[in-house]
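[1] Here is the input, now give the coordinates:
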Amino acid sequence: MVQSTNSYDYDLLVIGSGPAGQRAAIQAAKIGRRVALIERKSVLGGVSVNTGTIPSKTLREAVLDLSGYRGKEFYGKSYSVKQRITMQDLLQRVDTVVRHEIDVTRSQLLRNLVEVIEATASFVDPHTLLLTYVDGGGQRRVTAQYVIIATGTESTRDPHIPFDGRRVVISDDILELDELPRTLAVVGAGVIGCEYASMFAALGVRVTLVDKRPRLLPFVDAEIIDTLAYQLRENRVTLRLNENVHGIEMLEDDSGERVRLVLDSGKQIVAEKALYSIGRTGNTQRLDLGRAGLTPDDRGRIKVNEHYQTTAENIYAVGDVIGFPSLASTSMEQGRLAACHAFGVPATSVPELFPYGIYTIPEISMCGRTEEELTLAGIPYEVGKARYREIARGQIVGDTTGLLKMMFHVETRQLLGVHIIGEGASELIHIGQAVLAFGGKVDYFVNTVFNYPTLAECYKTAAFDGVNRLGFFTEKTN
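    Residues are numbered from 1 along each chain as shown. Model (predicted):
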């Protein structure tokens, strides 16, 4: 067991109790270090548990269940489990899951002897933090050999937009809505914007999605995004791409309270509510980073090296506060790796093979390279595809629009990337991730027997599709 450094109050102070902070604190505690986790809010879990990942994904599942979305292929477009779905119906499930996750988080921290301090932290110097207790209990200075910043982000607010939490909202406000709107304008087609746009559309809300970019989610494989865009339009979502919001005004007339968005092109969008999702800003404004010799960028994000160290060697930053990819899964791994590096514990990871999960309806997941990346790199590749409608399980679950595609090297046949849109995408991706991690070939899927009927069979179908394009299907020998 690594010995503690007793010249400091703690060996490690972690600021923020989201996924990155939790994992960092527990990793350090497991090797016998004295660890304290500082959280300025009265509940643990950060944005991920309280307003972000867990609530939005739980909300999505409630939407799928109550709207009868999965059954519409069998019972018709008018099918619904509950005819009049309210926000209270949706949030009942959210509240239950959030309370459970907060309890699990607290239990894990206590079990690993991590001290939890409810306070706002700011730097005095690189090794000293000033804690201001949230319950009005005054202030206290504490020192630590290492500090890990895991403060996450908050929704970026354009100062020219009249946010009121009722008609013009950010994603955090969704959980506070009294009722479902009949019409909704979503400004910003990033991951969060696309997720909420697809959820509300599945509930029958008329959604208009606006973004300055020419396509949705440019880091995702183009064919997968084309499929998403088609499905959004099928659910009556209007896409306004290459458009910028010039201004917004509140309307009150005989039709009730509404908002009007005016685009640079002159188009106007009138809706009951507008959801602004124009990015996230790092939660660093309270940290007084200058006293630690650190300077965030214009979006409040902190620059780190490959070990998640800042320019101050004893200070690390992990999770959303360092920027892309800003996923709970990657944030957890960053927290673990940062704690291991700080205390000299060997640890490895494969960041280029982190899976991405995007919980739109339908959901998207991917691992490895896209076709665009392979083309730009000049790598000769072939594509294999399987559509859910070709798979018995796809018919059984009512998803006939899903797609799994894989890319593999033409000469070595090594798997290069897997991209999925459809039911269970974020679970299915891990099969491809494992083969990618071990440098496996497309032949693995050709020669492997999958349970029947399962969506996992898509891998075998896609593999045959790909190798047949090459004119042979037996493994190439040298």
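[2] how far away is the spatially closest residue to Gly279 that is not a sequence neighbour from Gly290?
    Counting by C-beta to C-beta, 6 or more residues apart in numbering, Thr156 is the residue found nearest to Gly279 once chain neighbours are left out, at 4.5 Å. Where you see a C-beta, it was placed from the backbone N, CA and C, and this is true even at glycine. Going from Thr156 to Gly290 by C-beta to C-beta, to the nearest Å gives 22 Å.
[3] Give the residue from these two that has the larger number of neighbours.
    Thr156 (16 against 10; other C-beta atoms under 10 Å).
[4] so the more buried one touches Ile278, yeah?
    Yes - shown here, Thr156 and Ile278 form a contact pair, counting by C-beta atoms under 8 Å, at 5.4 Å.
[5] low pLDDT regions in the chain?
    Along the chain, the parts satisfying pLDDT under 70 run over 1-5, 48-52, 472-478.
[6] Now the longest helix along it: buried residues?
    Secondary structure of the chain per DSSP state H: the longest helix is helix 87-111. Across helix 87-111, burial judged by 16 or more other C-beta atoms under 10 Å covers 87, 89-91, 93-94, 97-98, 101-102, 105-106, 108-109.
[7] how far off helix 87-111 does the helix or strand following that helix point, in degrees?
    Using DSSP states H and E, the next helix or strand after helix 87-111 towards the C-terminus is strand 115-125. Per axes from the mean of the first three to the mean of the last three C-alpha atoms, to 10 degrees, the angle that strand 115-125 makes with helix 87-111 is 80 degrees.
[8] Which strands border the helix or strand following strand 115-125, and is each parallel or antiparallel?
    Next in sequence after strand 115-125, counting helices and strands by DSSP H and E, comes strand 128-133. The strands that strand 128-133 pairs with in its sheet are strand 115-125 (antiparallel), strand 139-149 (antiparallel) (by DSSP bridges).
[9] What residues does Leu228 make contact with?
    Cys194, Leu216, Leu217, Thr360, Pro362, Ile364, Ile421 (C-beta atoms under 8 Å, 6 or more residues apart in numbering).
[10] which one of the residues you listed is nearest Leu436?
    Ile364 (17.2 Å; C-beta to C-beta).
[11] and the closest one, how many neighbours does it have?
    27.
[12] Once you drop chain neighbours, what's closest to it?
    Ile358 (4.2 Å).
[13] was I right about the one you found contacting Phe219?
    No - using C-beta under 8 Å, Ile358 makes no contact with Phe219, being 10.0 Å away.
[14] neighbour count winner among the two?
    The residue with more neighbours, out of Ile358 and Phe219, is Ile358; 23 against 13, by other C-beta under 10 Å.
[15] so who does the more buried one touch?
    Here Ile358 is in contact with Val191, Cys194, Glu195, Leu217, Val220, Ile364, Ser365 (C-beta under 8 Å, 6+ apart).
[16] right, and the last one touches Ile429 too?
    Yes - under the criterion of C-beta under 8 Å, Ser365 lies in contact with Ile429, with a separation of 4.0 Å.
[17] Identify the contacts common to those two.
    Shared contacts of Ser365 and Ile429, counting by C-beta under 8 Å, 6+ apart, come down to Pro355, Gly357, Ile420.
[18] which of these has the most neighbours?
    Ile420 (33 neighbours).
[19] which residues does it bridge with?
    Ser365, Leu404.
[20] Ok, Tyr356 next?
    With DSSP bridges as the rule, Tyr356 is bridged to Met366.
[21] so it makes contact with Leu327?
    Yes - the criterion here is C-beta under 8 Å, and Tyr356 meets it with Leu327 at 6.7 Å.
[22] ok so, going back, tell me the most buried of the strands paired with strand 128-133?
    Across these, averaging neighbours per residue (mean count of other C-beta atoms under 10 Å) puts strand 139-149 on top, at a mean of 21.
[23] didn't Val321 look like it was pressed against Ile148?
    No - counting by C-beta under 8 Å, Val321 does not reach Ile148; the two are 10.4 Å apart.
[24] how near is the most centrally placed residue in the chain to Asp298?
    Nearest to the mean C-alpha position of the chain, by C-alpha atoms, centre = their mean, lies Leu327 at 4.1 Å. In this view, Leu327 and Asp298 are 22 Å apart by C-beta to C-beta.
[25] Just the CA trace of stretch 58-72, in CSV.
    Extracted in CSV, the C-alpha atoms of stretch 58-72 (Å, rounded to 0.1, in the frame of the first residue of the first chain):
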residue,chain,number,x,y,z
THR,A,58,-34.6,8.0,-17.6
LEU,A,59,-36.9,10.6,-19.2
ARG,A,60,-36.2,9.0,-22.6
GLU,A,61,-37.1,5.5,-21.3
ALA,A,62,-40.3,6.9,-19.8
VAL,A,63,-41.1,8.5,-23.2
LEU,A,64,-40.5,5.3,-25.0
ASP,A,65,-42.7,3.3,-22.6
LEU,A,66,-45.7,5.7,-22.2
SER,A,67,-45.8,6.8,-25.9
GLY,A,68,-45.9,3.2,-27.1
TYR,A,69,-43.1,4.1,-29.5
ARG,A,70,-41.8,0.6,-29.8
GLY,A,71,-45.2,-0.8,-30.5
LYS,A,72,-46.2,1.6,-33.3
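[26] what comes up buried for it?
    Neighbour-count burial for stretch 58-72 [16+ other C-beta under 10 Å]: Thr58, Leu59, Arg60, Ala62, Val63, Leu64, Asp65, Leu66, Ser67, Gly68, Tyr69, Gly71.
[27] One more: stretch 149-166?
    Ile149, Ala150, Thr151, Gly152, Thr153, Glu154, Ser155, Thr156, Ile161, Phe163.
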